[in-house]
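**Q** With the sequence up front, the predicted model follows.
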Amino acid sequence: MRRGSIVQLVAIGVVCGAGAALVALLIPWLPAPASRQAGRIDFVFWFVTVICIAIFALVAAVIIYSIFKFRAGPDDDSDGPPIHGNTRLEIAWTAVPAALVTAISIVSAVVLAQNEHIPHASAASDPLKPVHVNVIAQQFAWTFKYPDFGGLTSATLKLPVDSTARLRITSLDVTHSFWVPQFGQKLDAVPGSFNTLPVTPDKLGTYPVICTELCGLGHALMRSTANVMPADKFLSWAKGQQKKLGGPAAASGKAVFANNGCAACHTLAAANAKGKVGPDLDKLPQEAQKAGKPLDQFIRESIVTPNAYIEPGFQPNIMPGSFGSLPKAQLDALVSFLAGSKK
Amino acid sequence: MTGVALHDPHAVHAEPAPPPTGFRRLLAAGWLRVPWMTALFFGIGAGIVCLVRWLEGWHPIWDGKVITTVELTAVPLGFLAAIGGFDYWMRYAAGSPTRPEDHSGHGARSWRDYFRINTDHKVIGIQYLVTTIFFFVIAGLLAMMMRAELARPGMQFVDNQLFNGLFSVHAALMIFLFVIPAFAGIGNYVIPLMIGAPDMAFPRLNALSFWLLPIAGFMMLSSFLAPGGPFAAGWTGYAPLASTHQPIGAVFFNMGVQWAGASSIMTALNFLVTIITMRAPGMSFWRMPLLVWANFTTSLLVVIATPFIAGSQFFVMFDHVMHTNFFNYQNGGYPLGYQHIFWFYSHPAVYIMMLPGFGIASEVISVMARKPIFGYRLMALSLMAILVLGFSVWAHHMFVAGMAPWLRVPMMVTSMVIAVPTGIKVFSWLATLWEGRIHFDTPMLFALGFVSMFVIGGLSGIYLAAVPIDIHVSDTYFVVAHIHYVLFGGSLFTIFAGIYFWFPKMTGRMYDERLGKLHFWLTFIGFNLTFFPMHWLGIQGMPRRVADYVPRFADLNLFISLASFGLGASTLVFLYNMIKSWRFGPAAEANPWRSLTLEWQVSSPPPIFNFDEIPQVVGNPYEYGVEGARHAVFNGDRVGTLEEVPTR
């Protein structure tokens, strides 16, 4: 190989590498990280990207160089030199990639271990180290429970900033997956098991919670929000909510509606809900009439055994049957809230 | 002399027995037997169900769900029996005299012969390719409908059930009815020729395995007509969504996979036996072309792995129809068990969909660069390495599935290691190009397009293998981008390369080179515009398998949809070229690419039993540029006096 061709090849490689690097740098690829885990994931991402750009530049350079240099003329029916192999070269392109992927594996394994680490509570009294949250997925809603705050339930995820949250994720029906892109952390919600996912938010703000595992017809709409707030605000929110739920049953119907994620699928003006997966709850009286049942009884039956009556235009087995297991007080409150919103 | 059956060339031209007349035509194997025989089998299936339910006292006695499930086995069996798929074996089993092979099943005299049971591997190869391209077009149209819906956020054209059905059937058809069987089709046509054999080892089994395919394809398609809608749990069909939350259409997928899988296994067995026992004299394993090596390893993968997906789909179907509890956690089932079994097939399936493409790329690049393939032995050995490693990486699809956390790092390491043999292949192709005399005919364009796109797909695979990154991007559009770079940029480009490369051999006519190049560039550009932006969507937070998405992704999705329509339209150029050239193209020479491998040493299309003389293989298949090198000589040549070309 002549010196001139090496220079040309390297030049093409540098141009390709620079082009790829510009694509990597000029486009904002990663969402702004909002957790320590996401920050570390970003590091792995850039580590892999540097290696990939190098490999890409090498391959692209050889292909482009070959296309222009080794093009056969239209009447050229000669053969190339009979090179069958080169053992040193073959050893090199076995060993170098092996070393590179080993490096990536080590970096990934270290970051994984750091991301999975949950600090032990320094004092049992401090509920923020870590924050325990039970994440319950069902078609097509998220529920977040805080066992350290009297079983407080919320339809949106609230987390204090700079504390590690220990999410215990499960599902009531099919497999879902919990993801907050800015947190970088994701884990499936599998029925029958509790999977643990640590998240340490480090930036205040509101982020989307997305279901990423196909879970049925409302999959695309199975969204919620994650709210990262200062620790004192989080504590006062938690105390305020505890008070509300402990309050009179009638007032809590709206909270039950909100906390169980009904709004993900249903429209209800009184709760400012705009879901379109299930029937419009602003039309409950007409639907009860069609079903030929008194309003209260119809509402209760539709929650406990959803398949008993299916509104035309909708399909059975979409509404989860699991709401039947709500505590009786909450169920009563929900029914009277729904019925009351129409009176 | 390894086993090459000698055929009396005079027997070949014997006319088949005169066709039956009158009502006997209804009894002879063929399409006239199909209506009454499928009806008969339908009756038998329904009768068994009703009888069992009546005896057991289950009500209702006529249960649509159970009947449908049973009929998805009974009716296809009736159809296969009707067209004559089992005739020979039935006669043999019944003890009646079997018809001696009169070779009337060989060759195609008119287009009608492509619509019957035919035992000629060349006819079967074309049957495979035409059928798979048919399903490729259908599955592509489904993707177009999907992209139309995704052009704007919110719901416009389809409802959720239909949308989920669209991507489920799109993937199922592309995988089970296009990529896997298209490679089987190319292999079917080319491999016996390449190894110097007159046909496959089991021609009747070969015919049967083809006819299972349309059954599987139409079964999956017909789920759109099933009450409740198509199966909508994705091609991965994760339980319990697929087992207890799906309409009856899901069973069409479960059973479609069984028929396609059975077809795959039979073909793979046939390839294995053919390659092991029917190589021409002198064709040692280390003289086999790399396409044969690739199909050998692929067939091993198919035979070992496919029973796992068969099992997983049966379990899901039993949960669905018979109320078993394999994956039903309330009764002790294990939802993650499904994913483990499924991916234990479906990761090797990625290599089933990739290795034959590696083989095609090796053939095309070596011939068109006019150089020996670089590092032939390492190329073959890296195929074997991928075969073995391919079984040790399945759980990298499950890094976020909630499986045992310790399993992730070992699975990451094996997944990373598999990049090494894959890298060897890529670097060897590049080294083959080096200092070659490269001819940029359409097959070469597709082969080089494959190498460059597959590199991008492989590199995004490194991201996905690294657990922390995978945790962020799994189940997002990043994965959609990755699999399309691997399966479209990888598999589909090599399928196109193979079709163009062997088109003159298969049809005896030359395709239109200008249209071929146009097809390549439209596909190459449309492909990148469609799929590259999906990486960004995924990293930023767009999950896969959604019909609706947040408005900030709207503009890019509109762009992708428009690009995908262009990509879809590029297929029209391909179809037009194929149909026009097959009918009116100029006659092809026997060896338009000046290749050394055996399939090019016979006429285009080849004689009915491939070789009028038994080839004697005397050297390696890629000795371009070696003075006086021969891969094979025919009996007329001076066998034995020619010095064998030393392997490097």
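**A** Nice, thanks for sending it over.
**Q** which residue does the stretch 101-250 of chain A bring closest to chain B?
**A** The minimum distance from the stretch 101-250 of chain A to chain B, using C-beta to the nearest C-beta, falls at A:Gly192 (3.0 Å). For every residue, glycine as well, the C-beta is placed using N, CA and C.
**Q** ok, that residue - how many residues close by?
**A** A:Gly192 has 17 neighbouring residues, counting by other C-beta atoms under 10 Å in any protein chain shown.
**Q** I'd guessed it sits against B:Asn331; true?
**A** No. The pair A:Gly192 and B:Asn331 fails to qualify as a contact (C-beta atoms under 8 Å) at a distance of 10.0 Å.
**Q** just the strands in chain A please.
**A** Secondary structure of chain A (DSSP state E): strands at A:131-138, A:141-146, A:152-154, A:157-160, A:165-171, A:176-180, A:185-189, A:195-199, A:205-211, A:223-229, A:267-268, A:273-274.
**Q** what about the stretch 101-250 of chain A, any weak spots by pLDDT?
**A** Residue ranges of the stretch 101-250 of chain A with pLDDT under 70: A:121-128, A:244-250.
**Q** check contacts around A:Lys203.
**A** A:Lys203 sits next to A:Ala32, A:Pro33, A:Ala34, A:Ser35, A:Val161, A:Gln182, A:Val228 when contact means C-beta atoms under 8 Å, 6 or more residues apart in numbering or on different chains.
**Q** whoops, A:Ser322 was the one
**A** For A:Ser322, the contact set (C-beta under 8 Å, 6+ apart) comprises A:Gln138, A:Leu172, A:Asp173.
**Q** got the residues you listed as TSV, with neighbour count and distance to B:Phe327 columns?
**A** Output for the contacts of A:Ser322, formatted as TSV (neighbours: other C-beta atoms under 10 Å in any protein chain shown; distance: C-beta to C-beta, whole Å):
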residue	neighbour count	distance to B:Phe327
A:Gln138	24	17
A:Leu172	19	15
A:Asp173	23	12
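**Q** Closest to B:Phe134 out of these?
**A** A:Asp173 (37.8 Å; C-beta to C-beta).
**Q** returning to that earlier point: quick one: the residue of the stretch 101-250 of chain A closest to chain B and A:Cys211, what's the gap?
**A** According to C-beta to C-beta, to the nearest Å, A:Gly192 and A:Cys211 sit 18 Å apart.
**Q** can you tell if stretch B:293-311 touches chain A?
**A** No. Counting by C-beta under 8 Å from any C-beta of the partner chain, chain A has no neighbours in stretch B:293-311; the shortest distance is 15.8 Å.
**Q** Can you find the helix or strand of chain B with the lowest average pLDDT?
**A** The weakest-scoring helix or strand in chain B, judged by mean pLDDT, DSSP states H and E, is helix B:87-94 (a mean of 86).
**Q** ok, residues contacting that one?
**A** Residues contacting helix B:87-94 (C-beta under 8 Å, 6+ apart): B:Ala29, B:Ala81, B:Pro97, B:Thr98, B:Arg99, B:Arg204.
**Q** Pull out the buried residues from it.
**A** B:Asp87, B:Tyr88 (16 or more other C-beta atoms under 10 Å in any protein chain shown).
**Q** Kindly report the same for stretch B:271-290.
**A** Neighbour counts over stretch B:271-290 (16+ other C-beta under 10 Å) mark B:271-272, B:274-275, B:278-283, B:287-290 as buried.
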